[in-house]
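J.: Need a 3D model of the following:
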Amino acid sequence: MSRRILLGMCLLVALLAMPWADRASDNVAVQLDIDGPIGPATSDYVHRGLEEAKRLNAVLVVLRMDTPGGLDISMRKIIRDILASPVPVAAFVAPSGARAASAGTYILYACQIAAMAPATNLGAATPVQIGGLGVPGGEKPQRGTEGKSNVVQPPTDTETRKITNDAVAYIRSLAQLRGRNANWAEQAVRQAVSLPAQEAVKIGVVDLIAKNVDDLLTKVDGREVQVVGKAVTLHTAGARVVRIEPDWRNRLLSIITDPNVAYILLLLGAYGLFFEFWHPGFVLPGVVGAISLLLALFAFQVLPVSFAGLGLMLLGIVFMIAEAFMPSFGALGVGGVIAFVVGSVMLLNTHAPGFGVSWWLIGSFSLVSAGFFMTVVSLAIRARRRPVVTGREEMIGYIGESLGTFKSEGRVRVHSEEWQAETRVPLARGQKVKVVGIKGLVLMVEPYEGEGS
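T.: Residues are numbered from 1 along each chain as shown. A predicted model of the protein is given here:
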């Protein structure tokens, strides 16, 4: 009887403990870190992190940011994922000294909670125009009247106005959705203004200042936010923070979508396949070239690539390779180098921070390619000047001896062989002759007076 009572008490304790255990396990906050430029790998990482937060039934996702900006297409993917996430998201510009510039400002405006660490800043959200202009309309920044930020003149060309107005409408819609300062958001786009943490809180750009993630979770506890159109009260005090790191797939994507790495992979692929076709049977250059080329094409698929630039690069490589197979004494090679350099400059359709091909890299590969085709041209010219050593043509230029006296037709000894010969100048027996042509099996000869005579 006592055993039954003891067993019943154990079961009762277990049943009472189960709901508490569930509540404890649900009290999880997920931390995602954005460090550096925002690109395809970043959007993939945030997407997977939000999916994992949903699986863990997290109470909050803390998106810790320190970024100079990035690609517009990747930023918009991240914002779409945030707006569709059933788990509320808090943007946290941290640690001290960090920034959320350009694309980072848009992402901060999209989150339910916006927070900053001390000594951080955000802003400068002007879209960078295609073609490399630093600011819309190509105007130089000027000091603002208040001395707090740099402002730029309004854009003058239609294309830039379209890009800027689209960005303004986008960030104002996010500001209105989250109840934040929409006027300053527009200034951040039109005038590239920036703002430190204290002033951002004062004018309603961000919600609060927090020292770290734990401080942030304590301060937002009990706040009510809108998640997919529903009011949700945050219970984040004492939540266990689960930090999600990028997996191997995301790290690989981050490496190969670096424009410089993708550029090198493209060239390795092209030259590897060329070497394999030139010397069939080596196998390794072909394998490395094919893998590199496929990885480069995958990277260019997710990067804002100019297909005109990519086409010019490939055309330039084809011209330089063609110079090796059918020497044109520089025409194909020079054209190939020019097309290659111009295509490399045009390759990426953006000048966002961290998403450009290094000029040193372009120059180095251009010089190597130019040196390669110049070597091929010099070898071709040298080969053309070299005397023929095989076939009938090798007889031309040989010195022989007349075997008799004749005026137009007779026999000569050349190369220890007797040949029928024709001449325009009468020849005497034993006279030295030089082969100047060949017609069928008849040599065309003329008297040979010796070198320098």
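
J.: How about the contacts made by residue 41?
T.: Residue 41 makes contact with 246, 250, 251, 253, 254, 257 under the criterion Cβ atoms under 8 Å, 6 or more residues apart in numbering. Glycine gets a C-beta too; all of them are placed from N, C-alpha and C.

J.: cool, residue 447 as well?
T.: Applying Cβ under 8 Å, 6+ apart to residue 447 gives the contacts 423, 425, 427, 431, 432, 433, 434.

J.: Sort out which of the contacts of residue 41 are buried, if you could.
T.: 246, 250, 253, 254, 257 (16 or more other Cβ atoms under 10 Å).

J.: hmm, back to that, return the subset of the contacts of residue 41 lying in helices.
T.: 250, 251, 253, 254 (DSSP state H).

J.: sorry, back to before: reformat the buried ones among the contacts of residue 41 as JSON lines; add pLDDT.
T.: Formatted as JSON lines, the buried ones among the contacts of residue 41 follow (pLDDT from 0 to 100):
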{"residue": "246", "pLDDT": "89"}
{"residue": "250", "pLDDT": "84"}
{"residue": "253", "pLDDT": "84"}
{"residue": "254", "pLDDT": "83"}
{"residue": "257", "pLDDT": "84"}
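
J.: Out of the residues you listed, which is nearest to residue 164?
T.: residue 257 (26.8 Å; Cβ to Cβ).

J.: got the phi/psi numbers for that closest one?
T.: Torsion angles at residue 257 (phi, psi; degrees, to the nearest 10) stand at phi -90, psi 0.

J.: Specify which member of the contacts of residue 41 is nearest to residue 449.
T.: Nearest to residue 449 among the contacts of residue 41 is residue 257, at 73.2 Å by Cβ to Cβ.

J.: picking that back up, of all the buried ones among the contacts of residue 41, which comes closest to residue 300?
T.: residue 257 (9.0 Å).

J.: residues touching the spatially most central residue of the chain, list them.
T.: The residue lying closest to the centre of the chain (Cα atoms, centre = their mean) is residue 259, at 1.9 Å. By Cβ under 8 Å, 6+ apart, the residues touching residue 259 are 303, 347, 348, 355, 356, 357.

J.: how near is residue 293 to residue 262?
T.: Noted for residue 293: a distance of 11 Å to residue 262, by Cβ to Cβ, to the nearest Å.

J.: quick one, which of the two is more surrounded?
T.: Neighbour count, other Cβ atoms under 10 Å: between residue 293 and residue 262, residue 262 has more, with 24 against 18.

J.: what's the helix or strand for the more buried one?
T.: Using DSSP states H and E, residue 262 sits in helix 259-278.

J.: what's downstream of that helix, the next helix or strand?
T.: The first helix or strand that comes after helix 259-278 along the chain, using DSSP H and E, is helix 284-302.

J.: pull the CA atoms of that following helix into CSV?
T.: The C-alpha trace of helix 284-302 is given here as CSV (Å, rounded to 0.1, in the frame of the first residue of the first chain):
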residue,chain,number,x,y,z
LEU,A,284,43.0,18.0,-63.3
PRO,A,285,42.9,21.5,-65.0
GLY,A,286,39.6,20.5,-66.7
VAL,A,287,38.0,19.3,-63.4
VAL,A,288,39.2,22.3,-61.4
GLY,A,289,38.1,24.6,-64.3
ALA,A,290,34.6,23.1,-64.6
ILE,A,291,34.0,23.3,-60.8
SER,A,292,35.3,26.8,-60.5
LEU,A,293,33.2,28.0,-63.5
LEU,A,294,30.0,26.5,-62.0
LEU,A,295,30.6,28.1,-58.6
ALA,A,296,31.3,31.4,-60.3
LEU,A,297,28.1,31.2,-62.3
PHE,A,298,26.1,30.3,-59.2
ALA,A,299,27.6,33.4,-57.4
PHE,A,300,26.8,35.7,-60.3
GLN,A,301,23.2,34.3,-60.3
VAL,A,302,22.6,35.8,-56.8
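
J.: three-state assignment of residue 430?
T.: With DSSP: H, G, I helix; E, B strand; the rest coil as the basis, residue 430 sits in coil.

J.: Quick one: residues contacting it.
T.: Residue 430 is in contact with 401, 402, counting by Cβ under 8 Å, 6+ apart.
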